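>>> What follows is a predicted structure for the sequence shown.
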Amino acid sequence: MKQRKTSRWIEPRKDKDGNLLCLIPTCNKLREKYKTCDRTRNYCEDHDSSDLSEFNSWPHLRLKAFKRDNNTCKYCKKQFEAEDLVGDHIIPIALGGDEFDIDNIQTLCKATCNKIKTKQDQKDIAKQRRSEKPLEEDDPSKIKALCIKEPYASLIRSGEKDIETRTWNTKVRGEILLCASKIPKSDISGNAFATAILIDTRLMRFEDEKRACCNFIPGLYSWILINIKPIDPIPIKGQLRFFEVIYGTTNNNKTKI
């Protein structure tokens, strides 16, 4: 198995007289001098750099943590055999935790507690990455977009229609971006043409016909729109159902997607 690289600087060791000792933690011999110059090696005549990797490898630190914790899981406080334990980073490496710091390694049981900790780490890492994700110019935000066919798109834009009907329901609420489908052709087809707030959805009623600009059909859902605000047409590639776009304004107060 390929050895991991150490992430920590190895402090030099000295004897009581100040002489440099071999870097191997269990060796107390003086460092060996090079035969070709006056400099000294980091190791004695019995060791080299390959021996040091054992003391900074993950398997070594893992067993060292088990011994420190008396083979006891930090979460459930039960004792286990070494093969039933895992070494876990208290602060995940992805969140800045030191990979080879024994103080950042805890003992967890493999069957239960490690799985719980792993799930929590994944959530924390995902949350951190979302918070670090750079925003577009002038902090535009994501918005749900919905395509509507003509002539209904133009009727909504003009204010004559404030109920959109669909064969399916949705839990989406709040501000949405309204777009006109490319077919049939019109002045706004293939463009985003307005924003609106979707405040509620329910089964269609007879009295919805006028506001929906269509005949009552049992089983359709009425989507109630308020605060419909027309915008200058912006070309956009439509999709079925809801889809997300980056929507905001530039320094010139022009709407952009």
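Sure thing, it's come through. Worth saying up front: this structure is predicted, and the values here are computed from it rather than measured.
>>> switch to C-alpha atoms for all contacts and neighbour counts from now on
Noted.
>>> Please name the nearest non-neighbouring residue to residue 108.
residue 73 (4.4 Å; Cα to Cα, 6 or more residues apart in numbering).
>>> so the one you found touches residue 109, yeah?
Yes: using Cα atoms under 8 Å, residue 73 is in contact with residue 109, at 5.4 Å.
>>> Same drill for the two, tell me which one is more crowded.
residue 109 (26 against 23; other Cα atoms under 10 Å).
>>> where does the stretch 1-150 of the chain have low pLDDT?
Within the stretch 1-150 of the chain, the segments meeting pLDDT under 70 span 1-12, 25, 33-40, 49-57, 130-140.
>>> can you do 50?
For the stretch 1-150 of the chain, the stretches with pLDDT under 50 are 1-9, 135-139.
>>> Residue ranges of each domain in the chain, please.
Domain ranges of the chain: 1-56, 61-133, 141-256, per automatic domain parsing.
>>> still on that earlier bit, got any residues that touch both of residue 73 and residue 109?
In terms of Cα atoms under 8 Å, 6 or more residues apart in numbering, residue 73 and residue 109 are both contacted by the residues 80, 85.
>>> give me phi/psi at residue 175?
The phi and psi values for residue 175, taken as degrees, to the nearest 10, are phi -70, psi 130.
>>> which one's the longest strand in the protein?
strand 221-235 (DSSP state E).
>>> partners of it, with directions?
Here strand 221-235 is paired, per DSSP bridges, with strand 163-166 (antiparallel), strand 191-203 (antiparallel).
>>> for the protein, longest helix please?
In the chain, with assignment by DSSP state H, the single longest helix is helix 113-132.
>>> list the contacts for the residue nearest to residue 108?
With Cα under 8 Å, 6+ apart, residue 73 has these contacts: 79-80, 85, 107-109, 113.
>>> Kindly recompute the last result at 7 Å.
Residues near residue 73 by Cα atoms under 7 Å, 6 or more residues apart in numbering: 79, 107-109.
>>> Narrow these to those in helices?
Nothing among those maps onto helices, per DSSP H.
>>> Where strands are concerned, which of those residues count?
107-109.
>>> Reformat those residues as a markdown table; add distance to residue 175.
Putting the ones in strands among the contacts of residue 73 into a markdown table (distance: Cα to Cα, whole Å) gives the following:
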| residue | distance to residue 175 |
| --- | --- |
| 107 | 48 |
| 108 | 45 |
| 109 | 47 |
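>>> and residue 170, which of the three is it?
The three-state assignment at residue 170 reads coil, by DSSP: H, G, I helix; E, B strand; the rest coil.
>>> Oh, that last question was meant for residue 94, not what I typed.
Under three-state DSSP, residue 94 comes out as helix.
>>> The residue nearest to it when sequence neighbours are not counted: neighbour count?
Sequence neighbours aside, residue 125 is the residue nearest to residue 94 in space, at 6.8 Å (criterion: Cα to Cα, 6+ apart). Using other Cα under 10 Å, the number of residues around residue 125 comes to 15.
>>> likewise residue 103?
Around residue 103 there are 10 residues (other Cα under 10 Å).
>>> quick check, it in a helix?
Yes: counting by three-state DSSP, residue 103 falls inside a helix.
>>> Okay, it and residue 89: tell me how far apart.
Remark: distance between residue 103 and residue 89 (Cα to Cα, to the nearest Å) = 9 Å.
>>> repeat for residue 120
Distance check for residue 120 against residue 89: by Cα to Cα, it reads 12 Å.
>>> Over to residue 150?
57 Å.
>>> cool, and residue 157?
Taking Cα to Cα, one finds residue 157 at 55 Å from residue 89.
>>> same question, residue 76
Distance of residue 76 to residue 89, computed by Cα to Cα: 17 Å.
>>> Quick check: residue 180 touching residue 145?
No: using Cα atoms under 7 Å, residue 180 makes no contact with residue 145, being 10.5 Å away.
>>> So between these two, which is more surrounded?
Legend: neighbour count by other Cα under 10 Å for residue 180 and residue 145, higher for residue 180 (30 against 24).
>>> Which positions are bridged to the more buried one in the beta structure?
Counting by DSSP bridges, residue 180 is bridged to residue 148.
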